[in-house]
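A.B. asks: Output the structure for:
(chains A, B and C)
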Amino acid sequence: MALLLAMETSTRAAAVEPYQIAVIPKGTTHEFWKSIHAGTIKAQRELEAEGIPVRILWKGPLREDDRDQQIQVVENFTARRVSGIMLAPLDSQALVKPVGNAVAARIPVVVFDSGLKSDKHVSYVATDNFKGGQLAGEHMGKILGGKGKVILLRYAVGSASTEEREAGFLDGLKKFPGITLLSADQYAGPTRETAYANSQNLLNRFGREVDGIFAVNENSTIGMTKALRDIGRAGGKVKMIGFDAGSASIKDMKSGDVQGLVVQNPVRMGYLGVKTLVQHLQGKPVEKKIDTGVVLVTPSNMEQQEFHEILYPPISQYLDK
Amino acid sequence: MTTEQEQRRKVIRSRLLTLAGPFIGLLFVTSLFALSSELRPVFYTGANWKNIFTQTVIVSIGALGMTMIIISGGIDLSVGSVVALTSVVGARLLEHKVSAPVTILATLLTGGLVGLLNGSMIAGFRMMPFVVTLGMMGVTRGAAKWLADNQTVNFDGESMVTRVMEKVSPDTFFPLPSGVWIALLLTLLMSVFMRCTVFGRYVFAIGSNEATARLCGIAVRPYKVLIYSIAGLFFGLAGLMQLSRLSQGDPSVAIGLELDIIAAVVIGGASLNGGSGSVIGAVVGALVMAVLRSGSSQMNWPNYVQEIIIGIVIILAVGLDRFRQSQAAR
Amino acid sequence: MVNAPRLQVEGMAKRFGATVALKSVSLEVAPGEIHAIIGENGAGKSTLMKILSGACRPDSGSLHLDGVRFDPEDPHAARQAGVAMIYQELILAPHLSVEENILLGEEPARLGWINSRSRREQARAALAQLHYEHLPLGAPVGSLPIAEQQVVEIARALIREPRLLILDEPTSSLTQVDTQRLFAAIRRLRDRGVSVLYISHFLEECQLLCDRFTVLRDGESVGSGAMASTPLAEIIHRMVGRNMEEIYPRSARSPGEVLLELKGLSGRIRPSEASLLLRRGEILGVAGLVGAGRTEMLRATFGLDPVAGGEILVRSSLRTHASPRQRLRDKIGLLSEDRKEEGLLLNRSLADNVTMTRFEPVSRWGFINPRVQKQVTRDWMTRLKVRARSPFQPAAQLSGGNQQKIALGRLLHHEADILLLDEPTRGIDVGSKAEIYRLIHELAGQGKGILFVSSYLPELLGVCDTLAVMCRGVLGPKRPVAEWTEHSIIEAAVGAGTEKA
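C.D. replies: Residues are numbered from 1 along each chain as shown, chains lettered A, B, ... in the order given. You can find the predicted model right below:
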């Protein structure tokens, strides 16, 4: 009897052995990544309700722009033999080999947010960043009335997602020949602090003549807006368009310092990433490329229901504290 | 108990603490992760240790040079930047289809050259190593970004260089990447070199007391230049390993690496006052940190936990060293 | 009982583990007496002090203070009982003012001081007892000369109105004048009835200052007496168990060819003019005041400092400018006056210290053979009677005398012919001194030339064959030692009567 019981529990245990899914973002401090995290938890809860247990192992690199650190995290999870890895690569090139090693060790990888120059991964779940950039470019052209001087504040070299946004923005501006670029070769860098400092430097030179600025991620948007406020050019004197919606950016939009935010749907990205990976683990076919959508939020539409939910992702519903 | 026995016991105990201190630390952090039943089956696998060893290569090779510098009473803060610069130099050369041996040589020499500059300024103008290398840290980082056009340098195709850190057969401990073997071999060579040669004694002597070293006819200044230059070669090699690991030249890589390396050397039993230190200890110190990183990452502890733990380990290591010295002095 | 001794020590014994630090020490100190404790390093002086100051407790024996049994549990209890200890290394806070230092850690109410009296008055009263009331109370202690810092340290002890003051080597870093002033202050304390235990290496000092003495040897008190009526030679005899003649060995030597010649040598500041001839088998003493330029002359000769003018001839060939490395190649060796800062590698082994300048005999192709190195070092340790555990022990663990022997051992291992010895016996005990004199004598006998710089006139007169005096950077003519007296040396050193024979 006891033996039987033991056998039964052991088979049950085998049946409910959860999928261990390592999720490796580029960093952990952006609200963007917290939304991704929330999305993965959302998927986990759904799957568990369907009787498919999943464990999410959330681990970013120690230093946010350190490729070597991210490689180490991928390696460590590979050694730990997780069921699958979700990775937002810090570099489209440097992470190719570790992903190859993981796949060679029969651990499937879903790449999200940012591209990887490889064909080994199962699927690429991301915002159409080029489209997001285009939206920003077109909006900029519109609010400037088709003419003016603009600055593109880039993020960092080698980050595919932001490079696509930058390219999309320049593409969107092409429709407005009256608009000239003052600067498009400065980088905000990895942290809010570097973004702020670099924005200050940039504005020191161009602050008097610039009419519109596009910053390509959360930290650079916040940093640039702050720098604009410092020199008294915020509040619409310089049209500010940013990317991603952290609470600081939303506040800045409410107060009129930001005229537009291109917003991704990170919750959906995390959610779809986990779903796709689990599908693959269960042997079902998956799409090679999955678009998670991107919208332009402006001060006028931000209170509408559909945008409100994207602006205020229900993180607390999924993450503790 | 006679005096002699007691004294001998004291000597043995202090020797043991010196030699075994870092190893005990390594054993401790390694067994720490045995407490987790979840981690036990995956942490002590060949594949994982292969990972850990591979992850230690860059810090270890840097620590070989740094140990020598610290023993001689100096410090080098420019390591991280030198690694970035040399990785960019190597990537640029490979980009222009320069052959691997030439690339390797040029990369090492770039590191050596920075070391030569550091050493010449420190010895020639009697400047503080801390300040000189702090300045050099900025100069080389800037040079790396300049040379790389402020972006990562990618090159096509595989090369001997990129294969150094490549792991084939990820499931087993062997074969280890050749970079691991190179680091091991160099560690043994450096250890013998520092312990058993006249040159090594001179390095210890200079760090122990520069005035005495001069009195003993040691040409202190040329030796300092030499020490920084040789260390520079090691840093160049570390840059090569970094290049191989990222398969690209990255001017923003290895920020803060110098602190990891200095921590490894200190955990390994060196004193920042100079005159003492151990090559093998430093490499074991690097391993201690890598094991902690790997383990806490696999335990799924948040990053801050691991940062706190490594900080505590460094302080404990220095505390242990003080304890050992007070034992020896008694 | 009319006159109970202030301090009475009877049959004091103390062991540390298996080491016997004190076998049996007895002594008596009367009220208002300055009592010298004399003994070599390791004789038990510091253990005795520790017991008196409450830092450790005896195994047996008894202590009485003014006839009352005294058994301090800790330094605080000893202080409460009126025993104040002043250590060799000053324990002052350099950034605090004189007043703050004097009153540091004092709680006036508990010690019965009247609270209304201002701190300033307390501090000034303490200084007045020492006749140092002119010290600026507000000045940071770090800005005062060492001697005045010493006074502050004593004043701090006086705040507690001690009955017994223990001074451990208080003059080791003081000049002659400062020493005299310190003595005056100590005498004033004695006149007020305070008893003083005075520990010093300098026997002459003890003679000047102290009323009575007790000699310690190997943890035993081997004699007490009145200082004035006991000849120095007898005290030394008791300390080392040897006679004076054995300390300064003498035998006839005939000097050989010239090894080293300085012609009008000058350095950047000092010396301004130094000429001398050093011959094989000659011990040439150089006397002079501190700062006269003797050390600088040796350093310039050895290549540690630049030569500004003049010529240096080594074995009759002109070698004016050279690095220490080249000087060592010329078989010249320098023993630094500053053993800890320049003489030794304190955290390196004895073996490394001995063989550092000449690794050739113990290495092959640049690799050191530890077995040979150990053997070579052991041989030197035996010859120089170095007391140490092992050749691989760090030099820092040795006593001053043994460290100095190791530093000398390096010159001998180097087979230097020309030895430049700068204060070779500074701060070491009489026993080691005697051994170093014997060694110097022996080396001269082997045909080495020795330049012996010292500020201690008796040893210069006792050891050297010839002697020259340096005064304000100028080295005077050398004369046979028999033609010198302490008086004439001092005259030459201060520049009085330069041309007197």
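A.B. asks: Once you drop chain neighbours, what's closest to residue A:120?
C.D. replies: residue A:103 (4.5 Å; CB to CB, 6 or more residues apart in numbering or on different chains). The C-beta positions use only the backbone N, C-alpha and C, and glycine is treated the same way.
A.B. asks: swap in residue B:210?
C.D. replies: residue B:220 (5.9 Å).
A.B. asks: Tell me, how many residues neighbour that neighbour?
C.D. replies: 18 (other CB atoms under 10 Å in any protein chain shown).
A.B. asks: still on that earlier bit, you'd agree the residue nearest to residue A:120 is up against residue A:111?
C.D. replies: No - using CB atoms under 8 Å, residue A:103 is not in contact with residue A:111; the gap is 11.3 Å.
A.B. asks: what do the two both touch?
C.D. replies: residue A:121 (CB atoms under 8 Å, 6 or more residues apart in numbering or on different chains).
A.B. asks: the more surrounded of these two?
C.D. replies: residue A:111 (26 against 18).
A.B. asks: Check whether the more buried one sits in a helix, strand or coil.
C.D. replies: Of the three states, residue A:111 takes strand under DSSP: H, G, I helix; E, B strand; the rest coil.
A.B. asks: picking that back up, against chain C, how distant is the residue nearest to residue A:120?
C.D. replies: Counting by CB to the nearest CB, to the nearest Å, the separation of residue A:103 from chain C is 49 Å.
A.B. asks: Go through the helix or strand hosting that residue and flag the buried ones.
C.D. replies: Taking DSSP states H and E as the definition, residue A:103 sits inside helix A:96-104. By neighbour count on 16 or more other CB atoms under 10 Å in any protein chain shown, the buried set for helix A:96-104 is A:96, A:97, A:98, A:99, A:100, A:101, A:102, A:103.
A.B. asks: can you give me the offset of that helix from its chain's centre?
C.D. replies: Relative to its parent chain, helix A:96-104 has a centroid offset of 22 Å by CA atoms, centre = their mean, to the nearest Å.
A.B. asks: Can you name every helix or strand that it contacts?
C.D. replies: With contacts taken as 3 or more CB pairs under 8 Å, 6 or more residues apart in numbering or on different chains; DSSP states H and E, helix A:96-104 sits against helix A:67-80, strand A:84-87, strand A:109-112.
A.B. asks: Sheet-wise, list the partners of the second one with their directions.
C.D. replies: Partner strands for strand A:84-87, per DSSP bridges, with pairing direction: strand A:19-24 (parallel), strand A:109-112 (parallel).
A.B. asks: export it as PDB, just CAs?
C.D. replies: Taking C-alpha atoms only, strand A:84-87 is exported to PDB below (Å, rounded to 0.1, in the frame of the first residue of the first chain):
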ATOM      1  CA  GLY A  84      13.900  27.100 -22.000                       C
ATOM      2  CA  ILE A  85      15.400  30.600 -22.100                       C
ATOM      3  CA  MET A  86      13.900  33.900 -23.000                       C
ATOM      4  CA  LEU A  87      16.500  36.500 -23.800                       C
END
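A.B. asks: Quick one: residues in contact with that strand.
C.D. replies: Residues outside strand A:84-87 that contact it (CB under 8 Å, 6+ apart) are A:19-24, A:40, A:74, A:77-78, A:95, A:99, A:102, A:107-112, A:116, A:121, A:273-274, A:277-278, A:280-281.
A.B. asks: and if we set it to 6 Å?
C.D. replies: A:21-24, A:77, A:102, A:107-112, A:273, A:277, A:281 (CB atoms under 6 Å, 6 or more residues apart in numbering or on different chains).
A.B. asks: State the helix or strand in which the closest residue to residue A:294 other than its chain neighbours lies.
C.D. replies: Among residues not flanking residue A:294 along the chain, residue A:132 sits closest, at 4.2 Å (CB to CB, 6+ apart). Assigned by DSSP H and E, residue A:132 belongs to helix A:129-143.
A.B. asks: Could you list every helix and strand in contact with the helix or strand following that helix?
C.D. replies: Proceeding N to C from helix A:129-143, the next assigned helix or strand is strand A:147-154, under DSSP H and E. With contacts taken as 3 or more CB pairs under 6 Å, 6 or more residues apart in numbering or on different chains; DSSP states H and E, strand A:147-154 sits against strand A:178-187, strand A:212-215.
A.B. asks: which residues sit in contact with residue 72?
C.D. replies: In the absence of a named chain, chain A is used. Per CB under 6 Å, 6+ apart, neighbours of residue A:72: residue B:55.
A.B. asks: Actually, chain C is the one I wanted.
C.D. replies: C:54, C:78.
A.B. asks: if we go to 8 Å?
C.D. replies: With CB under 8 Å, 6+ apart, residue C:72 has these contacts: C:53, C:54, C:78, C:81, C:83.
A.B. asks: mind checking the SS state of the residue nearest the centre of chain C?
C.D. replies: Central residue of chain C (CA atoms, centre = their mean): residue C:427, 2.2 Å from the mean position. Using three-state DSSP, the structure places residue C:427 in coil.
A.B. asks: pLDDT score assigned to it?
C.D. replies: Predicted confidence (pLDDT) at residue C:427: the value is 74.
A.B. asks: for residue B:14, same thing?
C.D. replies: As predicted, residue B:14 sits at a pLDDT of 61.
A.B. asks: what does the stretch 201-350 of chain C have sitting close to chain B?
C.D. replies: Proximity of the stretch 201-350 of chain C to chain B (CB under 8 Å from any CB of the partner chain) is limited to residues C:302, C:304, C:323-325, C:327-329, C:334, C:336, C:341-348.
A.B. asks: out of those residues, which touch chain A?
C.D. replies: Okay, of these, nothing touches chain A (CB under 8 Å from any CB).
A.B. asks: Touching, residue B:175 and residue B:169? I think so.
C.D. replies: Yes - Residue B:175 is within contact range of residue B:169, at 6.8 Å (criterion: CB under 8 Å).
A.B. asks: Grab the nearest non-local neighbour of residue B:186.
C.D. replies: Nearest to residue B:186 is residue B:64, by CB to CB, 6+ apart, at 5.9 Å.
A.B. asks: Assumed that neighbour was part of a helix.
C.D. replies: Yes - counting by three-state DSSP, residue B:64 is located in a helix.
A.B. asks: Run through the residues that contact it.
C.D. replies: Here residue B:64 is in contact with B:186, B:187, B:190, B:231, B:234, B:279, B:282, B:283 (criterion: CB under 8 Å, 6+ apart).
A.B. asks: What I need now is those residues written out in a markdown table, including secondary structure for each item.
C.D. replies: A markdown table is the format used below for those (three-state DSSP):
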| residue | secondary structure |
| --- | --- |
| B:186 | helix |
| B:187 | helix |
| B:190 | helix |
| B:231 | helix |
| B:234 | helix |
| B:279 | helix |
| B:282 | helix |
| B:283 | helix |
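A.B. asks: for whichever residue of the stretch 101-250 of chain A sits closest to chain C, what are its contacts?
C.D. replies: With CB to the nearest CB as the measure, residue A:193 is the residue of the stretch 101-250 of chain A nearest to chain C, at 36.7 Å. With contact set as CB under 8 Å, 6+ apart, residue A:193 has these partners: residue A:223.
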